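Asker: Need coordinates for the following:
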Amino acid sequence: MGRALAFFGLAGELSIASADEVANAIQQQQDTGPIMAHNEALQRNYASVYFIKEHLELKAWEAVAEAWGEISNDDKKALWVAPSKGGIFTTAERSDLKSNEFNEARKLILGDSMNKDITFVDGMICKRQQNAPDFVVCNISVKKSEMILLKCSVW
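Answerer: Have a look, this model is predicted:
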């Protein structure tokens, strides 16, 4: 009814939208968060990203690893958007950044610090996966048999 009146010129020109169309428009505006974060990270790191893309094509793994290491973990996470969602890295480039060759080059650049397991309290262990992107710090494992559990009471 509202559209019919609007087309007739009785309800105003800007009011022609169904409830579903309005809901979809609102949802699309809310879904822009990841791409906005991506674009901001890209703006901060454009020179490094451009360098990485050039050197991925050349398979210059150590140069890529060094440039990748210059980007903060938060920005790496923001840049890790699928190309179908507007991300800067192609599917092939993303595969290269998860490749064994790239990870070996990262080890050379970062040294042994990538391979060490970190132990926290008894029963909690943090292990870094070899092929995980840099922004994935570690996987946490808990051994219930060794974990110290505290029970607190409030009086």
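Asker: three-state assignment of the closest residue to residue 81 other than its chain neighbours?
Answerer: Leaving aside its sequence neighbours, residue 81 sits nearest to residue 87 (CB to CB, 6 or more residues apart in numbering; 3.3 Å). Where C-beta positions appear, they are placed from N, C-alpha and C, glycine not excepted. Here residue 87 is recorded as coil under DSSP: H, G, I helix; E, B strand; the rest coil.
Asker: Please enumerate the helices of this protein.
Answerer: Applying DSSP state H to the chain gives helices spanning 2-7, 19-30, 33-44, 46-58, 61-69, 73-79, 91-96, 100-110.
Asker: of all the ones you listed, which gets the most neighbours per residue?
Answerer: helix 61-69 (a mean of 20; mean count of other CB atoms under 10 Å).
Asker: model confidence over it, on average?
Answerer: Mean per-residue pLDDT for helix 61-69: 92.
Asker: Give me the contact list for it.
Answerer: 48, 51-52, 55-56, 76, 96-97, 101-102, 104-106, 108-110, 134 (CB atoms under 8 Å, 6 or more residues apart in numbering).
Asker: per the record, what domains does the chain have?
Answerer: In the domain annotation for the chain, the residue ranges read 1-31, 33-114 (automatic domain parsing).
Asker: So in the protein, where's the weakest helix or strand by average pLDDT?
Answerer: strand 118-119 (a mean of 51; mean pLDDT, DSSP states H and E).
Asker: ok, the nearest residue to residue 48 once chain neighbours are set aside to residue 60 distance?
Answerer: Closest residue to residue 48 apart from its sequence neighbours, by CB to CB, 6+ apart: residue 67 at 4.9 Å. Here residue 67 is placed at a distance of 10 Å from residue 60 (CB to CB, to the nearest Å).
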